[in-house]
Structure formats: C-alpha cells, structure tokens
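[1] here's my sequence, what's the structure:
(2 chains)
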Protein chains: 2
Amino acid sequence: MSAIQKQVEAASEEYSSSFTKGDLALPPAKKYLVLTCMDARIDPARAFGIELGDAHVIRNAGAIAEDALRSIVISEQLLGTTEVILVKHTGCGMLTFKNKDAYDVVEQNLGGEATAELISRNIDFLPFPDLDQAVKDDVKFLQNSKLVPDRVTISGWVYEVETGKTRRVV
Amino acid sequence: MSAIQKQVEAASEEYSSSFTKGDLALPPAKKYLVLTCMDARIDPARAFGIELGDAHVIRNAGAIAEDALRSIVISEQLLGTTEVILVKHTGCGMLTFKNKDAYDVVEQNLGGEATAELISRNIDFLPFPDLDQAVKDDVKFLQNSKLVPDRVTISGWVYEVETGKTRRVV
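    Residues are numbered from 1 along each chain as shown, chains lettered A, B, ... in the order given. Next up is the predicted model:
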C-alpha cells in the first residue's frame, strides 16, 4: 500500500469515528452547485462556506463550464439544483499554456499512441489567457446553452489563492 | 444578490480573515489527485484527509474517469502528479437511471433544442448499474489509457455516505 493510500485509510478511520451526518438526502439541500478548479490550493467547503449536504461540487482543470456540462445537466435536471456558483482562481495553471503546448508534452512524454488517443477522444485542454474574461465567457456559455434553463441563477467569481478571498466578477 | 451569493461572500470574509496559506506552490505538494463524485454528501478534504496544497481534486457526476481524462492528463503531464485515488460512493444518483432516462427528462423539461444540443455535443450521461464494478471498470479504464503511463499508481475506493467510511475496492 502506498503512503497516500495509508493516509486515506487513517483519515477515514478518524472521520468516520465522529461522523453524524449519515441521514442526508441525495439532492442538495440548498439546491445549488459550485463549479471550481481542481487546484490543490482550493478547499471549496471552507473557502465558499458549503455545509455537508447543501451543494453539488464539480471540479475540473480550470473550472471549465463546457467540460462540466454533463454533470451540470444531471445536477439541474435530475437533482433539482437552480443556482450555479462558478469560481476560477488566481495563479491557475490554465493561464500558463496553450492547447498545442499540452499536445507537444504528451507526444514527447508518452509518444504517438497517446497523441492518437487525445485526437480520437477529441480532447481540447481548454486553457485560457485571461482570468476575468474566462469567468465571463463561461457564465455566458451556460446562459446561452439550451441545457441550462433561464430560471437557473448563474454568477461568476474569482478565488485569490494568495489571500483566501473570493470576489464576484459577474 | 441571491441568498447563496450572500452566503459565499460571508464565508469568504471569514475564511480569508484567518488565512495563512498564501504561499503554496501550484503543483500539488504530495503529487496525487483525488477523483470523486460531485455528490453534496462528500467533503473530500475531511473524509479523505487532504491538506490544502497537497492534491488535485477532480469531481464530476459519478466520479467518471473518462469524463475526467482532460483534467487527469493536465494533472499528470503538466503538474507532476503520480498517483490517482478514485472514490465512488454508496447512494450515488448515477445508480438510479439510464442514459435514455436522462435524455427523456431533458426532452420533456427543456424541449427539442436542448436534446439537439446533447446530441451535437455527444453527451452520454455515463450512469452505471453496479457500484463496485464501476470502480473496477474505471480503474481499468485509466490503466488501459495510453494517456496514463504505467508509473502512475491507481487505486479505487467506495465512500459510504451512511457511515463516513472509505473502503478500498481495488
């Protein structure tokens, strides 16, 4: 067993020993979802004040709305959420490369078969060059999607990894 | 401003007022990533023992590896992670419907233009009928992908929403 796997088992032992929330319902109690980045420096529950059971939390590289669309539709259409809190962040890795750069890294590290898999799966890494603009663009993307009805409230935010603050953009 | 938006602002005020981790590096310090579900009943940081800055956390509906592949490749190829902790959970919504059911709900609630967008974006909701088997299948999917080199350690787990425990499956 790896050191990380041992750490998961130890954490689980401790967490479950004082766990009291075993009766929460499947649909989020406060009917909202948070979409944010996978970045290691973000703890959504604490930074954005999410109580256990209250909200779906979707995370991917860059908090990309298009990439999260499958999950967002399930959240809204099958589990009744009516609000999206979209949060990108300062210092995001997605600001530091272009799609072609990532393709080149994969080709160099993993070879042609890996590149072929990227292409056959139609993977675009979806980096962005401007943080606030990317927040606005992703909010607009969701507003324009036929899969997100007008009754869904959408706001866009930036979390500052330097200060722990979250500020509203749109 | 919505009640949820006000809640985010209040939480941010409190969190940032005692924030001391503004100097963490972009790459995860412990070089691993956790892939888990968006379910509201999961707090990965506490349940799996993730310290701020240590790991990428990817979350989508069902903790689906295929859906997370873009983020996983960025995590491993651009940010140096070498281990995947994949965690699905009991009571998952993805166990309760079939892809066609979700398509029918979208058609009924949002109409033909929404269904057309599902089709044009090639969205499969990727539900699964058996929890432990889905964990095994997703670990196998990552092991078989040319985009995940053999040096990456992959394990599969189930989090029990009833008890707060996380158990290893594979």
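
[2] drop to CA atoms for contacts and neighbour counts, all remaining ones
    Fine.

[3] show me what the most centrally placed residue in chain A bridges to in the sheet.
    By Cα atoms, centre = their mean, chain A has its centre lying nearest to A:R59, at 2.0 Å. Beta-bridge partners recorded for A:R59 (DSSP bridges): A:T36, B:R59.

[4] hmm, it is touching B:A63, no?
    No - at 10.5 Å, A:R59 and B:A63 do not qualify as touching, with contact defined as Cα atoms under 8 Å.

[5] between the two, what contacts are shared?
    B:M38 (Cα atoms under 8 Å, 6 or more residues apart in numbering or on different chains).

[6] and the strands in chain A, which stretches?
    Per DSSP state E, chain A carries strands over the ranges A:32-37, A:55-60, A:83-89, A:153-159, A:166-168.

[7] for B:Q77, find the nearest of the ones you listed.
    B:Q77 sits nearest to strand A:55-60 of all the strands of chain A, at 15.1 Å, using Cα to Cα.

[8] now the helices for chain A?
    All helices of chain A, identified by DSSP state H, fall at A:3-17, A:44-47, A:69-73, A:99-110, A:112-120, A:131-144.

[9] deepest of those helices, which one?
    helix A:69-73 (a mean of 23; mean count of other Cα atoms under 10 Å in any protein chain shown).

[10] any part of it near chain B?
    Yes - contact of helix A:69-73 with chain B (Cα under 8 Å from any Cα of the partner chain) involves A:R70, A:S71.

[11] which residues of chain A score low on pLDDT?
    For chain A, applying pLDDT under 70 flags no range at all.

[12] now the closest residue to A:P127 other than its chain neighbours: how far from A:A116?
    Excluding the flanking residues, the one nearest A:P127 by Cα to Cα, 6 or more residues apart in numbering or on different chains is A:M94, at 4.6 Å. Distance, A:M94 to A:A116, by Cα to Cα, to the nearest Å: 22 Å.

[13] got the contact list for the spatially closest residue to A:H89 that is not a sequence neighbour?
    In this structure, A:H89 finds its nearest non-sequential neighbour in A:Y159, 4.5 Å apart by Cα to Cα, 6+ apart. If you count contacts by Cα under 8 Å, 6+ apart, A:Y159 has them with A:V87, A:K88, A:H89, A:T90, A:K165, A:T166, A:R167.

[14] with A:V8 instead?
    When contacts are counted by Cα under 8 Å, 6+ apart, A:V8 touches B:F48, B:G49, B:T166.

[15] rerun at 7 Å
    Counting by Cα atoms under 7 Å, 6 or more residues apart in numbering or on different chains, A:V8 makes contact with B:F48, B:G49.

[16] how near is it to A:A102?
    30 Å.

[17] now do A:K146
    Between A:K146 and A:A102 the computed distance is 31 Å (Cα to Cα).

[18] how far away is A:N99 from B:I119?
    According to Cα to Cα, A:N99 stands 25 Å off from B:I119.

[19] make that A:I74, sorry
    Taking Cα to Cα, one finds A:I74 at 15 Å from B:I119.

[20] over to A:H56?
    A:H56 is 25 Å from B:I119, where distance means Cα to Cα.

[21] please apply the same query to A:E76.
    Here A:E76 is placed at a distance of 18 Å from B:I119 (Cα to Cα).

[22] so which of the strands of chain A is nearest B:E13?
    Evaluated over the strands of chain A, closeness to B:E13 peaks at strand A:166-168, with 8.3 Å, by Cα to Cα.

[23] please name every helix or strand in contact with the closest one.
    In this structure, strand A:166-168 packs against strand A:153-159, with contacts taken as 3 or more Cα pairs under 7 Å, 6 or more residues apart in numbering or on different chains; DSSP states H and E.

[24] the strand it packs on pairs with which strands, and in what direction?
    According to DSSP bridges, strand A:153-159 forms sheet pairs with strand A:83-89 (parallel), strand A:166-168 (antiparallel).

[25] ok so, going back, so can I have JSON lines of the strands of chain A showing distance to B:S18?
    Converted to JSON lines, those look like this (distance: least, Cα to Cα, whole Å):
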{"stretch": "strand A:32-37", "distance to B:S18": "22"}
{"stretch": "strand A:55-60", "distance to B:S18": "24"}
{"stretch": "strand A:83-89", "distance to B:S18": "19"}
{"stretch": "strand A:153-159", "distance to B:S18": "15"}
{"stretch": "strand A:166-168", "distance to B:S18": "14"}
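
[26] among those, which is the most enclosed?
    strand A:55-60 (a mean of 29).

[27] please compute how far it lies from its chain's middle.
    Put simply, strand A:55-60 sits 5 Å off its chain's centre (Cα atoms, centre = their mean, to the nearest Å).

[28] helices and strands around it, which ones?
    Packing partners of strand A:55-60 (3+ Cα pairs under 7 Å, 6+ apart): strand A:32-37, strand B:55-60.

[29] what is the orientation angle of the first one with helix B:3-17?
    Think strand A:32-37. Put simply, strand A:32-37 runs at 50 degrees to helix B:3-17, going by axes from the mean of the first three to the mean of the last three Cα atoms, to 10 degrees.

[30] neighbours around A:N122, how many?
    Counted with other Cα atoms under 10 Å in any protein chain shown, residues neighbouring A:N122 total 9.
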